[in-house]
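In: Here is a sequence with its predicted model. Questions after.
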Amino acid sequence: EEIITEHFDIVAVCSGLHNIPSIPSLPFISKFRGQIIHSSEYKDPSVFTNKRVLILGSGETAMDIALRAVQNPLSKSVALNVRRGFLSVPHNLAEDRPLDVFITNLFEHSYEHPWVQKLGLRWILSTIVIRLFLFLTGSSKGFNQWACETTPIRRGYHIINKSHGAMAHLNVPVKQRSAWGRLWLWVYGETHLRPIASFHKSSVNGIKDDGVTVQFDNGQVYEADVIVLATGYKQSFPFLDEAIQTDHRLAASETKVESTEKSKYFLEEDALPSEHFIVNPNRPRLGFIGFVRPNVGAIPPMSELQVMWWLCRMQGKVDMLETQAGKSYMLLGQKYPYGVDYGNYMHRIAEDIGAAPMLTHLARSKTPLKALFTYCLGQSYIPLFRLQGPFASKLCWGVVTDELWRACVNRGIAENFGLIAVSVLSLWMNLAACLVEIIWCLLTRQKPKFFVRY
């Protein structure tokens, strides 16, 4: 095959997260007499007809396939094997209330005192509110989640599993064990549901001689005819020169991605560049777009802001902090080396290019109340980062003060009141931090900095 060489001034790597299937090493699996497929090969639930189904994995794909399997009336049984658990919250808390409209910007991603951020006080406050809300759904482990829980349940730790349909079926065996659980089965109308068995905090460690009995390392067993490997995908760039790969690995080893205690669940995958996981300083014209993994929020809007940042970076118009070690937007759970808090990440890269909204700028607009409310009590939507800065657009003002404004208002009176109350508490935390800083600076004869970038 002929190899053709072409020369380009700028190259964007946009090969996507779901590219190379991750196949776990299961040397004993040759004894299994049934069918084994990766989730990428799944096409139709008819494959589960007259079969006992075991799904390995706890991501959204695993939950989707588990739901399809249990909804096939001809499947014999369905089970899910989860190594460490997950946090389940549906993508829509109500018909017209998607999950991300319950996340705010003010005092959480912007105008947050660095001391408050360093101590994680806002995330602690959010955790209390979130756990209380989850408790009202029947379990503080997740939204109506009684099985396959993870730890700790804290804000800023986990990428939320928003595929919630199978959760009710996973709950059935657990809820049936107690009168309290059976009450919640009735409350949610789940008494008629087929159960999905769960093998939690365990891994497959063998197949018995009959070729169908799967053994787990906690002593449990399950007879299966089909095993679905919903084990995700590996980040791989086989087309990159080894010198580029080496630069990325060296940069990763010097940042928090690798310097913290590495999760035993990390995949052996290719590294991303050091500057916000977009470019390496040695090769600013080679950009990686869409590879970070947000806790809540979509990758496409993050990719759009990454492109905006990259364009400014190539023009020398990026004002980055001196150090990128210990990035404030990294998730604390460390399940993924590139897992980030969506809103924090968006604000940090927007600050680099002068696109992060300023309250004074919003207050001077034609509809200041709508603009301020949408930004302060809304999610980090892309139009908010095009109100000022190098990519400012008049059209985005209309989007912010109309479409996004209505999305925030339509959350409901109770929801908006709760978000305002949390923001007020956060305001007092930040004011207290400013007061402590003033006292400290008076004692040490330093100049207070207050709300500096972090």
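Out: Thanks, I have it. Numbers count the residues shown, from 1 in each chain.
In: my read: residue 341 touches residue 159, true?
Out: No. Residue 341 is beyond contact range of residue 159, at 10.0 Å (criterion: Cβ atoms under 8 Å). C-betas here are computed from N, CA, C, even on glycine.
In: More neighbours: which of the two?
Out: residue 341 (27 against 20; other Cβ atoms under 10 Å).
In: Spit out the contact partners of that one.
Out: Neighbouring residues of residue 341 by Cβ atoms under 8 Å, 6 or more residues apart in numbering: 109, 156, 294, 295, 329, 330, 331.
In: State the pLDDT value of it.
Out: pLDDT, residue 341: 92.
In: nearest residue to it other than its sequence neighbours?
Out: What sits nearest to residue 341 in space, not counting adjacent residues and going by Cβ to Cβ, 6 or more residues apart in numbering, is residue 329, at 5.1 Å.
In: I'd say the one you found and residue 348 touch.
Out: Yes. Contact criterion Cβ under 8 Å: residue 329 and residue 348 qualify, at 5.6 Å.
In: Any stretches of this structure with poor pLDDT?
Out: Residue ranges of the chain with pLDDT under 70: 254-267, 322-326, 334, 454.
In: ok, now which ones touch residue 404?
Out: 374, 378, 381, 383, 384.
In: which SS state does the last one fall under?
Out: Which is residue 384. Following DSSP: H, G, I helix; E, B strand; the rest coil, we place residue 384 in the helix state.
In: Just to check, it is in contact with residue 400?
Out: Yes. At 6.2 Å, residue 384 and residue 400 qualify as touching, with contact defined as Cβ under 8 Å.
In: anything in contact with each of those two?
Out: Shared contacts of residue 384 and residue 400 (Cβ under 8 Å, 6+ apart): 374, 375.
In: Could you pull out the buried residues of stretch 168-186?
Out: Going by neighbour count (16 or more other Cβ atoms under 10 Å), the buried part of stretch 168-186 is 168, 169, 170, 171, 172, 174, 175, 181, 184, 185.
In: from memory the last one sits against residue 177, does it?
Out: Going back to what we said before, that points to residue 185. No. Assessed by Cβ under 8 Å, residue 185 is found out of contact with residue 177, at 10.9 Å.
In: and residue 24, how many neighbours?
Out: So residue 24, with other Cβ under 10 Å, has 14 neighbours.
In: which ones are touching it?
Out: 56, 229, 231.
In: for the second one, phi and psi?
Out: Backbone torsions for residue 229, taken as degrees, to the nearest 10, come to phi -90, psi 90.
In: likewise the last one?
Out: Here is the backbone geometry of residue 231 (degrees, to the nearest 10): phi -100, psi 20.
In: One more: residue 215?
Out: Backbone torsions for residue 215, taken as degrees, to the nearest 10, come to phi -100, psi 140.
In: That one reaches residue 224, doesn't it?
Out: No. The pair residue 215 / residue 224 is not scored as a contact, 11.1 Å apart, by Cβ under 8 Å.
In: Which residue lies nearest the spatial centre of the chain?
Out: residue 295 (1.8 Å; Cα atoms, centre = their mean).
In: Enumerate every residue touching the closest residue to that residue other than its chain neighbours.
Out: Spatially, and ignoring its direct neighbours in sequence, residue 295 is nearest to residue 159 (5.0 Å; Cβ to Cβ, 6+ apart). Applying Cβ under 8 Å, 6+ apart, we find residue 159 in contact with 293, 294, 295, 331, 333, 335, 336, 339.
In: Report the contact partners of residue 23.
Out: Applying Cβ under 8 Å, 6+ apart to residue 23 gives the contacts 38, 229, 231.
In: so the first one bridges to which residues?
Out: When you say that, I think you mean residue 38. With DSSP bridges as the criterion, residue 38 is bridged to residue 229.
In: That one - how many residues pack around it?
Out: Neighbour tally, residue 38, other Cβ under 10 Å: 18.
In: That one contacts residue 18, doesn't it?
Out: No. Contact criterion Cβ under 8 Å: residue 38 and residue 18 do not qualify, at 11.4 Å.
In: Give me the common contacts of these two.
Out: With Cβ under 8 Å, 6+ apart as the test, residue 38 and residue 18 reach no residue in common.
In: thinking residue 14 is in contact with residue 290, fair?
Out: Yes. Residue 14 lies in contact with residue 290 (Cβ under 8 Å); the separation is 5.9 Å.
In: For the two, indicate the residue with more neighbours.
Out: Legend: neighbour count by other Cβ under 10 Å for residue 14 and residue 290, higher for residue 290 (19 against 11).
In: Skip the chain neighbours and tell me the closest residue to that one.
Out: With Cβ to Cβ, 6+ apart as the criterion, residue 290 has its nearest non-adjacent residue at 4.1 Å, and that residue is residue 303.
In: so the one you found sits in a helix?
Out: Yes. Secondary structure of residue 303 (three-state DSSP): part of a helix.
In: tell me the contacts of it?
Out: By Cβ under 8 Å, 6+ apart, the neighbours of residue 303 are 14, 289, 290.
In: Grab the nearest non-local neighbour of the first one.
Out: Computed as Cβ to Cβ, 6+ apart, the closest residue to residue 14 that is not its neighbour in sequence is residue 289, at 5.0 Å.
In: Ranking by neighbours, what's the top pick from the contacts of residue 341?
Out: Counting neighbours by other Cβ under 10 Å, the top entry in these is residue 109, with 25 neighbours.
In: That residue contacts residue 344, doesn't it?
Out: Yes. Here residue 109 reaches residue 344: they are 5.1 Å apart, a contact under Cβ under 8 Å.
In: residues in contact with residue 33?
Out: If you count contacts by Cβ under 8 Å, 6+ apart, residue 33 has them with 211, 212.
In: How about the contacts made by the nearest residue to residue 389 once chain neighbours are set aside?
Out: Using Cβ to Cβ, 6+ apart and skipping the chain neighbours, the partner closest in space to residue 389 is residue 355 (3.3 Å). Residue 355 makes contact with 305, 308, 385, 386, 388, 389, 390, 391, according to Cβ under 8 Å, 6+ apart.
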